[in-house]
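Visitor: Sharing a model prediction with you, sequence too.
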Amino acid sequence: MLNSIFQIMNKYNIDKQQALEIGNSINNNQLIIKYNYVPINIEDEPEILKFNKSFDWIIDIENYTNMTMLHLHAWEPMNYLVLAYHYSGKSEYLKKCNELINSWYIHSLDANHKYLYYTHCVADRALVLAYLKYVDSSCISNELIDSLIKTHIEYLSNEKNYVDYNHGSMLDRSLLVLCVLMNDKALFKFSLERFKKNIENTFTKNMICKENSFTYSLFNLELIVSAQKLLLETINETLIEDFDLMMNRALNFLDIVRKPDGSLPLYGDGELITSEKLNNSILRTYYPDHSLFSPPTIDEELKTYYFKAESYIIIKNNYFYLFVRPGDIIKNHKHADDLSINLYMGEDVLIDTGIFNYEKGEYRNYLKSPAAHNTIELNYENYNYLTSNNKDIYIDSITENEDLIHIILINNSYTFANITRNIYILKNQKSIFIADFIDSPIKVISTQIFNLSNHFIEHIDVNIQNNSIYVNNKFQVKNFSDSNMSFTISEKNLLSEKFQKITKIPKIEFSNLKYFTNQFTYIGHISESVFLEKFKEKNNISYLVLNNKKIAIPFAVNKKKIKIGKYINVYKDSAYHIIEIYHQMYANQEYAIYIYDNNNNKIATLWYQSHHSFKYKFSKTGKYRIRCFLKNKTTGEKFEFSMYKYIKTTIQ
């Protein structure tokens, strides 16, 4: 049992040399909170991570604070000391572990921050407590350990503390370990049944994780497999009927999702999962012969994988790869990435931009927004992606003929516009054409966004002409619409393949200001000759001429009726901005506006008038608050509402 707990605790597959190096650092009062993250290098010795009599278990390291506090109160330093002890048998590591636990306990008596009894923290601490309970050593304060085990069992078993999905699995795995330790059969049965139900909620019948991230897909599977293989099989219990069959089904899906380079695409709240990370997973220990853990063997023929219930499309061969996932099943780790694509053509071309952290703020706001994804952004705003459902965002259809594969995607989650995205995979050229249609009863700024791989930056060579961008003499991104084009490599264009790591990437944007917008863009190889015949909406078809071959391009346009509720529309028109108020509160009403800058200073007052449209000249690009007043002309009654708007001073 002790060895099983050790293996569950060793979630990063830390070997003996690493464990002793980390353990020695902590033993010398230089804490390692999370290996290779805080601190980034073990040789670093920041003063804030020194353990001494004044250490108060509250650490503020700017962007790293959330991660630091989470792993500190999950007892990760104590976890590392236990690993070092297990590898070496040296009691000095247990002695330091006991010292840290006593210090933490004294802190916990008066502290009230969220990390003291946060699900992740409690679940990880329970494993350390279980290991120490099994160890027969005079270095351990057994009375305190017993008291903490009791407290942790009460927390883990309390339904009020239970959180579904990966946190629930963490709680139940730790509770099962403690139940075996304490020989509590009734509580063991309760936890086992709760764990089973949580797995059913976390995975579909196809064993596809419902959480919006492949990082969490992998993590959930590791939680389940470690609990089954290291704990439950030793006592003839199982979490899932036909366990190995179902795990292989889950691994099959991840293998389908894999890109030709062996990595999984970035998606939602996730880090980049490389083939190396897959091979270091506990999953490989128990399923070493699965193809997921071997170099990809992909045919030359393009294959389409469509998971309708889960809304995934993967199209790939040994050179080409397209990943699409509009909509969701649950909102966990969800980004505003609907209609976004990941594209690989011999190398990464269009990429998702990752997560960085979970802290509210500029980085997270950007990386969750449409601007950070290869999609359509309207009026520089988010849509209601956290309240949308499958009736708002979905895959309409996928069809195939001799020349192309045609995917139709819908996003009706903007309150003032509908978006239809047509994606065409051109089989012979292994390239793509995108036809986006934005329909609205008001003038809308629509921006077609393409986030290019950071690999291009190393030797970037860009040629811009005729609404086309040629990158590194390899690829072309060609827009056929009457659009304003921008190409930027900026600190604002962020990529975070690894937690707390940021780099800049190239970004291409095509923008329009219209009631009904069509955006046509081709992404392919620089050697290809391509042009588009004039778009004819009535026939619902156009023709792409590619390398002198005429290819019929059928398209769909979603014309769902739009009723605009409470909304403020702002756009640039000549020298002025137009501010339009859309909200009918009274039968006979007047409108007025206050304008505030990003520091909430009022900079303008536009007095009452009968018309809903105002002219105003914004002098600087930035974020503003528009406060609208509606007044009943008959009674004088007033109603007000506000919206924050990002406003550009250039014409779109």
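Guide: Arrived safely, thanks for sending.
Visitor: For the protein, which segments are assigned as helices?
Guide: Counting by DSSP state H, the chain has helices at residues 2-9, 16-27, 65-73, 76-88, 91-110, 119-134, 142-157, 166-182, 185-202, 214-227, 243-257, 275-279, 282-286, 362-368.
Visitor: ok, Glu458 to Lys534 distance?
Guide: Distance of Glu458 to Lys534, given as Cβ to Cβ, to the nearest Å: 39 Å. All C-beta spots, glycine's among them, are computed from the backbone N, C-alpha and C.
Visitor: Next: Asn41.
Guide: In terms of Cβ to Cβ, Asn41 sits 59 Å off from Lys534.
Visitor: With Phe618 instead?
Guide: 36 Å.
Visitor: quick one: which of these two has more around it?
Guide: Applying other Cβ atoms under 10 Å to Phe618 and Lys534 shows that Phe618 carries more neighbours, namely 20 against 7.
Visitor: Go ahead and confirm that one touches His577.
Guide: Yes - between Phe618 and His577 there is a contact at 5.3 Å, judged by Cβ atoms under 8 Å.
Visitor: Could you name every residue contacting both of these two?
Guide: Ile647 (Cβ atoms under 8 Å, 6 or more residues apart in numbering).
Visitor: So what are the sheet partners of the lengthiest strand in the chain and their directions?
Guide: Longest strand in the chain, counting residues (DSSP state E): strand 503-525. Note on strand 503-525: by DSSP bridges, its sheet partners are strand 431-451 (antiparallel), strand 475-479 (antiparallel), strand 484-495 (antiparallel).
Visitor: buried residues in it?
Guide: Within strand 503-525, the residues scored as buried using 16 or more other Cβ atoms under 10 Å are 505-514, 516-524.
Visitor: ditto for stretch 477-495
Guide: 477-481, 483-485, 489, 493-495.
Visitor: Taking those residues together, which two end up most distant?
Guide: Using Cβ to Cβ, those span at most 28.8 Å, a distance reached by Phe480 and Leu494.
Visitor: who does the helix or strand of the chain with the lowest mean pLDDT touch, helix- and strand-wise?
Guide: When each helix and strand of the chain is scored by mean pLDDT, DSSP states H and E, strand 462-465 comes last, with a mean of 84. The contact analysis (3 or more Cβ pairs under 8 Å, 6 or more residues apart in numbering; DSSP states H and E) places strand 462-465 against strand 468-471, strand 484-495.
Visitor: List the contacts of Glu509.
Guide: Taking Cβ under 8 Å, 6+ apart, one finds 447-450, 485-486, 488 in contact with Glu509.
Visitor: Kindly recompute the last result at 7 Å.
Guide: Neighbouring residues of Glu509 by Cβ atoms under 7 Å, 6 or more residues apart in numbering: 447-449, 486.
Visitor: So which of the helices of the chain is nearest Asn467?
Guide: helix 362-368 (26.1 Å).
Visitor: Which parts of that closest one count as buried, going by neighbours?
Guide: 363-364, 366-368.
Visitor: Pull that helix out as PDB, backbone CA atoms only.
Guide: Coordinates of the C-alpha atoms in helix 362-368 are reproduced here as PDB (Å, rounded to 0.1, in the frame of the first residue of the first chain):
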ATOM      1  CA  GLU A 362      -5.300  41.200 -18.700                       C
ATOM      2  CA  TYR A 363      -3.600  37.900 -19.700                       C
ATOM      3  CA  ARG A 364      -6.400  35.600 -18.900                       C
ATOM      4  CA  ASN A 365      -9.000  37.900 -20.300                       C
ATOM      5  CA  TYR A 366      -7.200  38.000 -23.600                       C
ATOM      6  CA  LEU A 367      -6.400  34.300 -23.900                       C
ATOM      7  CA  LYS A 368     -10.000  33.400 -23.300                       C
END
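Visitor: any idea how far it is from the chain center?
Guide: Relative to its chain's centre, helix 362-368 lies at 10 Å (Cα atoms, centre = their mean, to the nearest Å).
Visitor: which strands and helices sit next to it?
Guide: Packing contacts for helix 362-368, counted by 3 or more Cβ pairs under 7 Å, 6 or more residues apart in numbering; DSSP states H and E, involve strand 484-495.
Visitor: Val82: what's it in contact with?
Guide: Contacts of Val82 by Cβ under 7 Å, 6+ apart are 9, 97, 128, 131.
Visitor: Just the closest of those residues to Tyr383, please.
Guide: The closest of the contacts of Val82, once distances to Tyr383 are taken by Cβ to Cβ, is Met9, at 41.8 Å.
Visitor: Not counting residues beside it along the chain, what's closest to the closest one?
Guide: Nearest non-adjacent residue to Met9, counting by Cβ to Cβ, 6 or more residues apart in numbering: Leu127, 5.1 Å away.
Visitor: quick one on the thing from earlier: residues contacting the least confident helix or strand of the chain, please?
Guide: Strand 462-465 has contacts (Cβ under 7 Å, 6+ apart) with 469-471, 487.
Visitor: what comes up buried for it?
Guide: So for strand 462-465, nothing qualifies as buried (16+ other Cβ under 10 Å).
Visitor: Stretch 32-43 - what's its average pLDDT?
Guide: Averaged across stretch 32-43, pLDDT comes to 88.
Visitor: That stretch: end-to-end distance?
Guide: 10 Å (Cα to Cα, to the nearest Å).
Visitor: Please identify the buried residues of it?
Guide: Neighbour count says stretch 32-43 has 32-35, 37-39 buried, by 16+ other Cβ under 10 Å.
Visitor: which stretches of the stretch 251-400 of the chain form strands?
Guide: Counting by DSSP state E, counting those that start in this stretch, the stretch 251-400 of the chain has strands at residues 303-307, 312-316, 320-324, 341-345, 348-350, 376-378, 393-400.
Visitor: what's the answer for the stretch 501-650 of the chain, then?
Guide: For the stretch 501-650 of the chain, the strands defined by DSSP E, counting those that start in this stretch occupy 503-525, 530-532, 541-546, 549-554, 567-573, 576-582, 589-596, 602-609, 613-616, 622-632, 638-647.
Visitor: for the last one, packing partners?
Guide: To tie it back to what came earlier, the one meant is strand 638-647. Short answer (3+ Cβ pairs under 7 Å, 6+ apart): strand 638-647 packs on strand 567-573, strand 622-632.
Visitor: Specify the stretch among these that is closest to Lys277.
Guide: strand 622-632 (37.5 Å).
Visitor: list the helices and strands that closest one packs on?
Guide: Using 3+ Cβ pairs under 7 Å, 6+ apart: strand 622-632 touches strand 589-596, strand 638-647.
Visitor: got any ranges where the stretch 501-650 of the chain has weak pLDDT?
Guide: Within the stretch 501-650 of the chain, the segments meeting pLDDT under 70 span 535-538.
Visitor: got the domain boundaries for this structure?
Guide: 2-202, 353-554, 567-647 (automatic domain parsing).
Visitor: Run the chain-centre distance for the last one.
Guide: Put plainly, it is domain 567-647. So, by Cα atoms, centre = their mean, the centroid of domain 567-647 is 34 Å from its chain's centroid.
Visitor: what sits against Leu100?
Guide: So Leu100 contacts 77-78 (Cβ under 7 Å, 6+ apart).
Visitor: quick revisit: for ChimeraX, write the select line for the buried members of the contacts of Glu509.
Guide: The following ChimeraX line selects those of these that are buried, judged by 16+ other Cβ under 10 Å:
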select :447,448,449
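Visitor: With respect to Tyr93, which of the contacts of Glu509 is nearest?
Guide: Ile449 (50.5 Å).
Visitor: From Ile505, how far out is that closest one?
Guide: 12 Å.
Visitor: again, but for His152
Guide: Distance from His152 to Ile505, counting by Cβ to Cβ: 43 Å.
Visitor: OK, contacts around Tyr312?
Guide: Arg325.
Visitor: same question but for Thr634, I mixed them up
Guide: Contacts of Thr634 (Cβ under 7 Å, 6+ apart): Asn588.
Visitor: Okay, and the beta partners of Ile445?
Guide: Leu513.
Visitor: can I assume it is in contact with Asn379?
Guide: Yes - if you go by Cβ atoms under 7 Å, Ile445 and Asn379 touch, sitting 5.2 Å apart.
Visitor: ok, how many other residues are close to Tyr608?
Guide: Residues within reach of Tyr608, counting by other Cβ under 10 Å, total 14.
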